[in-house]
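Novice: Give the three-dimensional model of this entry:
(chains A and B)
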Number of protein chains: 2
Amino acid sequence: MAKPKKTPRPKAQTPKGFRDYFGSEVSQRAEMLQTIAGVYHQYGFDALESSAVETVEALGKFLPDVDRPNEGVFAWQEADEDDNGDWLALRYDLTAPLARVYAQHRNDLPTPYRRYAMGPVWRNEKPGPGRFRQFYQCDADTVGTASPAADAEICAMLSDTLEKVGIPRGDYLVRVNNRKVLNGVLETMGLNDDSQRDAVLRTIDKFDKVGESGVRELLGKGRLDASGAYIDGVGLSDDQAGPVLAFLTSKGAGAATTLANLRAAIGASTIGAEGVQELETIADLLNAQGYGPDRIEIDPSVVRGLGYYTGPVFEAELTFEILDEKGRKRQFGSVAGGGRYDDLVKRFTGQSVPATGVSIGVDRLLAALHAKGRMDGTTQGPVVVTVMDRDRMADYQAMVGELRRAGIRAEVYLGNPKNFGNQLKYADKRGSPVAIIEGGDEKTQGVVQIKDLILGAKIAENATLEEWKARPSQFEVPRADLVSKVREILDGQG
Amino acid sequence: MAKPKKTPRPKAQTPKGFRDYFGSEVSQRAEMLQTIAGVYHQYGFDALESSAVETVEALGKFLPDVDRPNEGVFAWQEADEDDNGDWLALRYDLTAPLARVYAQHRNDLPTPYRRYAMGPVWRNEKPGPGRFRQFYQCDADTVGTASPAADAEICAMLSDTLEKVGIPRGDYLVRVNNRKVLNGVLETMGLNDDSQRDAVLRTIDKFDKVGESGVRELLGKGRLDASGAYIDGVGLSDDQAGPVLAFLTSKGAGAATTLANLRAAIGASTIGAEGVQELETIADLLNAQGYGPDRIEIDPSVVRGLGYYTGPVFEAELTFEILDEKGRKRQFGSVAGGGRYDDLVKRFTGQSVPATGVSIGVDRLLAALHAKGRMDGTTQGPVVVTVMDRDRMADYQAMVGELRRAGIRAEVYLGNPKNFGNQLKYADKRGSPVAIIEGGDEKTQGVVQIKDLILGAKIAENATLEEWKARPSQFEVPRADLVSKVREILDGQG
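Specialist: Numbering: from 1, shown residues only, chains lettered A, B, ... in the order given. Coordinates of the predicted model:
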């Protein structure tokens, strides 16, 4: 007789590029999000939570650095009789949904509309080490005003937020640039050919990596890269390339010098002059509020995102060094970015709606605090009441009840109580600060044993109950003193 | 010449069955989740956040009341060269992912593993009024113990949680039943035919709607339903149907009577006796901890979810009446449910892992608090500093800076300041408690105008600045007194 075919067991695995978060990873992130929301709220921003799922049509093809629609997102088609259902997708950021929300609800929303949003976003990208396909963003945006005061406000709020979550002044810098200035530079160079213009933009994006001389070569004849391959250049003359290099290297000792250098780089361009004027307004407003160059500065070498935005762009960088996985020192780098994007709502309504905002990479910020030792990786486990006599479960439950009412995290051991060693191993795995024991003898005498597990952390795995009881970190107290003694031990552990 | 074809504008709409949440809807839910997490944490439960996306294989076909695999979920296939990529899906609850997480990480997790999780889940169902395809769940589960003490703990914690979020004792009831008792009843009835057994289970599920006499008819010959249609019965004799009816109606004045009735209903069934014993243990433990029948009771008429679970089942019901959309009184009903499900992890590992837990419907609980008037639907807007002179933006920014440092939510108006009426309309739309005005005259005299907007709520839409200033709810104070006067007004508004 043929054996019935068994269904194979499913694999217990997250899909590639996804992961689970446990305990303090979850609660520390929740706490950070709450802190950030507090600052945003204080600045007058209102919470918005849009759905994780949007139509592909509404999301559009606005994912930065991606040319094809739908590329980079998780998308599927709605079931429908004619196989003609809408295409839906998981949001890839919080900005595209904001544009949809504002267009949909604009008659009910105030103008300007200041909103914050926080939550996971999804990218259908090749996962890599430390690169996940689901991660958190925490955004604040102001929709419906072209005023540079809105951009300045975002920068000030970003600075306040970083300090509030535990990055002290001096350990971060918010850097501000302006896409319009770059447009002015391109105009001044007289680049009429779109493909040449795009080539120049792509070259500028490499400034972080190859520096001034590298960009000079790439704008001209080309360059031998580190691997020995020859990269063709854009083919500009030195004269033509001049304004771009002047732009990228225009940062002076103070805002005034930088702005003067930028004015020189844009020549007679109107759009460029508008950009420089915006930067000046932003710098003046921030200065008047006491946000000096130790916190926020104009820096034309900020190129990240220049292609995506339409006006001012911001980037928050952590300036301290950490050790990478190979033990080498390196700058921690960027934890937040944003800027002005005046065309996103227009897709829906046909009317231009100016908007500006910032997105904080919460997971990176948490990693930074861990790297600096400013955040503990563990949270304290509960007080564990062990079970010496399984018929007296109600007694043990009464103990945890008393402890909880006193504000102390506590639980009864609910595994098989037969092997006492397992109960201790469990308390150890839980990171418990204190264990409680009440066997038959203790019950008769009206006492409990209270074990300070932090003091006695190195319990041998196979210690017997008797050995364990003999340790000096264990106290016998009257049952009535249970809560006060536990409180005393916890306070002593700090 | 042919006009170039325009791309049609995308529709600014959420996909069908999804919605956006604004302002206090978001912050009140966040606050409630935080409160619930606080209780769970106090009980020793650890946070877990699994990814929103799982493989379809890992999710399995465990969505209650759905027979076909993948039905009811949003799923898609991973792109891959051979069109052979994994099928992925959005999680439909937080229990199926927990089973996967526990199977995947069981060597690193403590046993028993108490965990809580909160977040959105997605159902690919036909949306209806008030029925959304994305909603929040907030779960606590204990994996790895078969002890009824774990079930009792979940019930006690559920009771504590409801009181903590603002449902007072007397306004809710946690009801407990046991699937094993029902299995015992079916055994006692001698139902050998699987299809007849399923028919009985389906009939029991209708007890809520049709009551005792309805179930009696449906177990027997059949029944004329409200629409006049005749529903065929299961075809049992009155004798055979007896135990089911005895089970469903076994609730007595106290736990002791109920348990005695259940013992009679199960006859000689071993599994049934086990179920009754579990209920008795749960009732005893809860009683010893002071959770009386005013909070938690054994109630065999709880049938929801009996098919899904393998042992004790729980349901939290709000017992007060609210008015429905048509103004009729009705019970608010269920806000949480759960039970013991011992077979979910086994799918992955082949080994049975007992587990029990509860899921709170956070959105329903929020709706209940709103319905009872225990939660305000609005949050206070920020203090709005109006812009009388756009060249003095820095002065206005300084004001909001001072207010924020004093812990007061505040913002500068960032729309077009030309029309002062628009600034007032904006403050109104924002729900602002206070507006600040500093025109040229005020600046010269070193004063500011502070308007109590709650007092002066009914401002005519077209009031002139002069009319508006003349109202008694407006105060002129020295610029230096700005913060203290605003604080005084806010305190007065309560």
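
Novice: Could I get the pLDDT score of A:Pro127?
Specialist: pLDDT recorded at A:Pro127 is 81.

Novice: For the residue lying closest to it once chain neighbours are set aside, what is the enclosing helix or strand?
Specialist: Nearest non-adjacent residue to A:Pro127, counting by C-beta to C-beta, 6 or more residues apart in numbering or on different chains: A:Gly17, 2.9 Å away. The way it works is simple: take the backbone N, C-alpha and C, and place the C-beta from them, glycine included. When elements are assigned from DSSP states H and E, A:Gly17 belongs to no helix and no strand.

Novice: Please list all residues in contact with A:Gly17.
Specialist: The contact partners of A:Gly17, taken as C-beta atoms under 8 Å, 6 or more residues apart in numbering or on different chains, are A:125-127, A:131-134.

Novice: Contact residues of the stretch 201-350 of chain A facing chain B?
Specialist: By C-beta under 8 Å from any C-beta of the partner chain, the part of the stretch 201-350 of chain A that sits against chain B consists of A:284-285, A:288-290, A:347-350.

Novice: Kindly recompute the last result at 10 Å.
Specialist: Applying C-beta under 10 Å from any C-beta of the partner chain, we find that the stretch 201-350 of chain A lies next to chain B at A:281, A:284-291, A:345-350.

Novice: ranking these by neighbours, who comes first?
Specialist: Compared across these, A:Leu286 has the highest neighbour count, 27 neighbours, by other C-beta atoms under 10 Å in any protein chain shown.

Novice: Am I right that it is in a helix?
Specialist: Yes. According to DSSP: H, G, I helix; E, B strand; the rest coil, A:Leu286 belongs to a helix.

Novice: Per-residue pLDDT of it, please?
Specialist: Looking at A:Leu286, its pLDDT reads 95.

Novice: With the one 5 residues further on instead?
Specialist: With respect to pLDDT, A:Tyr291 has a value of 95.

Novice: Now do the closest residue in space to it that isn't next to it in sequence against A:Gln42, distance only.
Specialist: Spatially, and ignoring its direct neighbours in sequence, A:Tyr291 is nearest to A:Ala156 (5.5 Å; C-beta to C-beta, 6+ apart). Per C-beta to C-beta, to the nearest Å, A:Ala156 is found 12 Å from A:Gln42.

Novice: who touches both of these two?
Specialist: With contacts taken as C-beta atoms under 10 Å, 6 or more residues apart in numbering or on different chains, A:Ala156 and A:Gln42 have B:Val400 as neighbours in common.

Novice: Taking the residues of the stretch 201-350 of chain A next to chain B, tell me the two that lie furthest apart.
Specialist: Taking C-beta to C-beta as the measure, these span a maximum distance of 41.2 Å, between A:Gly290 and A:Gly350.

Novice: Sticking with A:Tyr40, tell me its helix or strand.
Specialist: Assigned by DSSP H and E, A:Tyr40 belongs to helix A:24-42.

Novice: Show me which residues of that helix are buried.
Specialist: By 16 or more other C-beta atoms under 10 Å in any protein chain shown, the buried positions in helix A:24-42 come out as A:24-30, A:32-33, A:36-37, A:39-42.

Novice: what do you get for stretch A:261-271?
Specialist: Residues A:261-263, A:265-267, A:269, A:271 are the ones in stretch A:261-271 that count as buried (16+ other C-beta under 10 Å).

Novice: And for stretch A:177-191?
Specialist: In stretch A:177-191, counting by 16+ other C-beta under 10 Å, buried: A:177-189, A:191.

Novice: Which of the residues you listed fall within strands?
Specialist: Among the buried residues of stretch A:177-191, DSSP state E puts A:177-178 in strands.

Novice: Columns pLDDT on top of the buried residues of stretch A:177-191, output as CSV?
Specialist: Compiled in CSV, the buried residues of stretch A:177-191 are given as follows (pLDDT from 0 to 100):
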residue, pLDDT
A:Asn177, 95
A:Asn178, 95
A:Arg179, 93
A:Lys180, 94
A:Val181, 94
A:Leu182, 91
A:Asn183, 91
A:Gly184, 93
A:Val185, 91
A:Leu186, 89
A:Glu187, 89
A:Thr188, 88
A:Met189, 86
A:Leu191, 79
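
Novice: Regarding A:Ala140, what is its secondary structure?
Specialist: A:Ala140 ends up strand, using three-state DSSP.

Novice: Do you know the pLDDT at the nearest residue to it once chain neighbours are set aside?
Specialist: Leaving aside its sequence neighbours, A:Ala140 sits nearest to A:Tyr116 (C-beta to C-beta, 6+ apart; 4.5 Å). If you check A:Tyr116, the pLDDT there is 98.

Novice: how about the strands in the stretch 201-350 of chain A?
Specialist: A:222-224, A:230-232, A:296-298, A:312-323, A:329-340 (DSSP state E, counting those that start in this stretch).

Novice: Neighbours of the nearest residue to A:Ala79 once chain neighbours are set aside, how many?
Specialist: Closest residue to A:Ala79 apart from its sequence neighbours, by C-beta to C-beta, 6+ apart: A:Gly85 at 5.9 Å. For A:Gly85, the neighbour count with other C-beta under 10 Å is 14.

Novice: Same question for A:Leu369.
Specialist: Applying other C-beta under 10 Å, we find 17 other residues in the vicinity of A:Leu369.

Novice: What of A:Val477?
Specialist: Neighbours of A:Val477 (other C-beta under 10 Å): 15.

Novice: Could you tell me which residues make contact with it?
Specialist: Residues in contact with A:Val477 (C-beta under 10 Å, 6+ apart) are A:447-450, A:484-486, A:488.

Novice: do A:Ala288 as well
Specialist: Neighbour list for A:Ala288: A:152, B:392-395, B:397-398, B:401 [criterion: C-beta under 10 Å, 6+ apart].

Novice: now swap in A:Glu81 and tell me
Specialist: Applying C-beta under 10 Å, 6+ apart, we find A:Glu81 in contact with no residue.

Novice: Check what pLDDT it gets.
Specialist: In this model, A:Glu81 is scored at 71, pLDDT.

Novice: so A:Ala103 sits right up against A:Ala355, yeah?
Specialist: No. With contact defined as C-beta atoms under 10 Å, A:Ala103 does not count as touching A:Ala355 (11.3 Å).

Novice: between these two, who's got more neighbours?
Specialist: Neighbour count, other C-beta under 10 Å: between A:Ala103 and A:Ala355, A:Ala355 has more, with 27 against 24.

Novice: Would you map the helices across the stretch 301-450 of chain A?
Specialist: Listed in chain order, the helices of the stretch 301-450 of chain A (DSSP state H, counting those that start in this stretch) span residues A:346-349, A:362-371, A:393-405, A:420-429, A:440-445.

Novice: Kindly present these as JSON lines, with separate columns for mean pLDDT.
Specialist: Formatted as JSON lines, the helices of the stretch 301-450 of chain A follow (pLDDT from 0 to 100):
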{"stretch": "helix A:346-349", "mean pLDDT": "92"}
{"stretch": "helix A:362-371", "mean pLDDT": "90"}
{"stretch": "helix A:393-405", "mean pLDDT": "94"}
{"stretch": "helix A:420-429", "mean pLDDT": "91"}
{"stretch": "helix A:440-445", "mean pLDDT": "95"}
